[in-house]
Each structure stands twice: as structure tokens, then as C-alpha cells.
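Chemist: please find the sequence and the predicted model below.
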Amino acid sequence: MPIEVEIITGRTIDQGRTVEEKLSEEYFKAVSYCELSKDDFEALGLNEGDRVKIKSDFGEVVVFARIGDLPKGMIFIPMGPYANAVISDDTDGTGMPRFKGVKAIVDRTDEEVKRIEDLI
């Protein structure tokens, strides 16, 4: 059963450390996941490393799932191509898209996580 969430994105140490090597396995691992609260993780019947599909008004993406220290109903995705697939490219004239507060639906999936070169 899918759940409604609010997406937040942000930089992580691993994402920042590998950002110059965007086709590397290290960068893939650093950006191809999301974190959910323990409650949401359990509501979706997930195990660490399972895959989820995230759908917003701006697109959809499949990523690996992890338990994070987040409130129920919130999902974190590291900045990068996976997060970009589900946020708006509208910048309201600022040059920066809204990386936080995007409404989405998340559900468990058996679909594969696309490699970065296939995603972009």
C-alpha cells in the first residue's frame, strides 16, 4: 500500500566526495537511495536495501530504501540525478529549484534502480 510523503533533498558527505565522478560506482551508491522513518519503512514492509518507487507531479524514480532518522511522512534523497527526477525544474526566477517540500507517493517495487547513465 503506497504512502504519501514530503520529499526533502540535501547534500551528504558521500555525495559531495564523489560528485566529480558522476558515472562511478561510488557516486551511484551515494545518490541512489532514500531514507524513510522507521514507521514508514515498516508500513511499506521494507527490508534494508529494498527498492521503492517515488512518484511526484514532476516525475518518478526507483531508489534503494534505508531507515533514517526522519519524522513519519518525510523522505530524504541525496542531491543528484535521482532527486532531480522527482522535483520541479521551476526556479521561480532564483536559479535554484525547490529541493524541499515536494509531495510524493512512495511504494515498494521490484523494479531495478536505473544506472545514472540510463537515468539521464
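Modeler: It's in.

Chemist: residue 7: neighbouring residues, count only.
Modeler: 23 (other Cβ atoms under 10 Å). In this view, the C-beta of every residue, glycine as well, is placed from N, C-alpha and C.

Chemist: and the pLDDT at it?
Modeler: Residue 7 is assigned a pLDDT of 93 by the prediction.

Chemist: so what's it up against?
Modeler: 54, 56, 75-77, 83, 86-87, 100-104 (Cβ atoms under 8 Å, 6 or more residues apart in numbering).

Chemist: least confident of those residues?
Modeler: Across the contacts of residue 7, the smallest pLDDT goes to residue 100, namely 66.

Chemist: quick one: residue 40 from residue 81, how far?
Modeler: 23 Å (Cβ to Cβ, to the nearest Å).

Chemist: repeat that for residue 34.
Modeler: 13 Å.
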